[in-house]
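Visitor: Mind looking at a prediction? Sequence and model below.
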Amino acid sequence: MSLSTVLRVLGHTDGEVHSVFRAGSRVYGTATAASDEDFVAILARRDAKQDLAFSPGVNVVVHGLDTFRSALAEHSVFALECLFLPPEHRLKETRPAFPFKLDRKKLAASAASRSASDFKKAGARFDEEPAASKKKLFHALRVPLFAVQIAEAGAIHDYGAANPYLREIVASDSLDWEEYRRVYGPLRERLCERLAALSSRR
């Protein structure tokens, strides 16, 4: 999908948009023919509020310059994913690049909190929305996996790191959340523990 299509969804001109990054399944390598296309767009205005923009088959998380810088400062893994993307997923990137200084303790706290939230949401809605809950479970594992890469190497080098878990989760016919909790709960906890251990690095 081209930058011009994303601009049409946003309702903004090229000059009003600072940067546009591809996100989601087409970055992770998990997209199917039915998958939407996901993007993060940062408007050139500092005071623009975080928002969402939609069009059939297209989802855009919209930031202003200040809200995106704040997300980076808070070590949001979702925002950090944009910084380390390969060139083919960077639709527009205005220089200079966004500044980021790694704080492993902040990264560990942010990733663990987001992972715990996604895991809780997966369990809470599993009976009503098993497919969406399986996706939440995948993200509960993906976030600390990506954070471990950042803590160890200073960047995300493998956006498909969590994909084997997604394949297992999707392939399971079980409709009992407790089975998923027993298998993936301890795995999630080990990832967060590993991340916490890495947070002591200088």
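Guide: Everything's here; your move. Small disclaimer: the values here were computed from a predicted structure and weren't measured.

Visitor: Which stretches in this protein count as strands?
Guide: With DSSP state E, the ranges of strands along the chain come out as 17-23, 37-43, 51-55, 58-63, 90-93.

Visitor: Relative to residue 113, which of those strands is closest?
Guide: Among the strands of the chain, the nearest to residue 113 by Cβ to Cβ is strand 58-63 (18.5 Å). All C-beta atoms are positioned from the backbone trio N, CA, C, and that covers glycine.

Visitor: can you list contacts of that closest one?
Guide: Applying Cβ atoms under 8 Å, 6 or more residues apart in numbering, the external contacts of strand 58-63 come out as 1, 5-6, 9-10, 23-24, 36-43, 48, 50-54, 71, 78.

Visitor: Next up, the contacts around the residue nearest the centre of the chain.
Guide: What sits nearest the mean C-alpha location of the chain, by Cα atoms, centre = their mean, is residue 78, with 3.4 Å. Going by Cβ under 8 Å, 6+ apart, residue 78 touches 23, 40, 61, 71, 114.

Visitor: Now the nearest residue to residue 25 once chain neighbours are set aside. Its backbone dihedrals?
Guide: Excluding the flanking residues, the one nearest residue 25 by Cβ to Cβ, 6 or more residues apart in numbering is residue 31, at 4.1 Å. Phi and psi for residue 31, reported as degrees, to the nearest 10, are phi -70, psi 150.

Visitor: Show me the shaky parts of the protein.
Guide: Scanning the chain for pLDDT under 70 picks out the ranges 202.

Visitor: By residue count, tell me the biggest helix in it.
Guide: helix 130-153 (DSSP state H).

Visitor: Return the list of helices and strands in contact with that one.
Guide: helix 77-83, helix 104-124, helix 163-171, helix 177-198 (3 or more Cβ pairs under 8 Å, 6 or more residues apart in numbering; DSSP states H and E).

Visitor: Domain ranges for this structure, per the record?
Guide: 3-93, 104-198 (automatic domain parsing).

Visitor: hang on, the earlier thing: can you tell me how far the residue nearest to the centre of the chain is from residue 21?
Guide: Distance of residue 78 to residue 21, computed by Cβ to Cβ, to the nearest Å: 11 Å.
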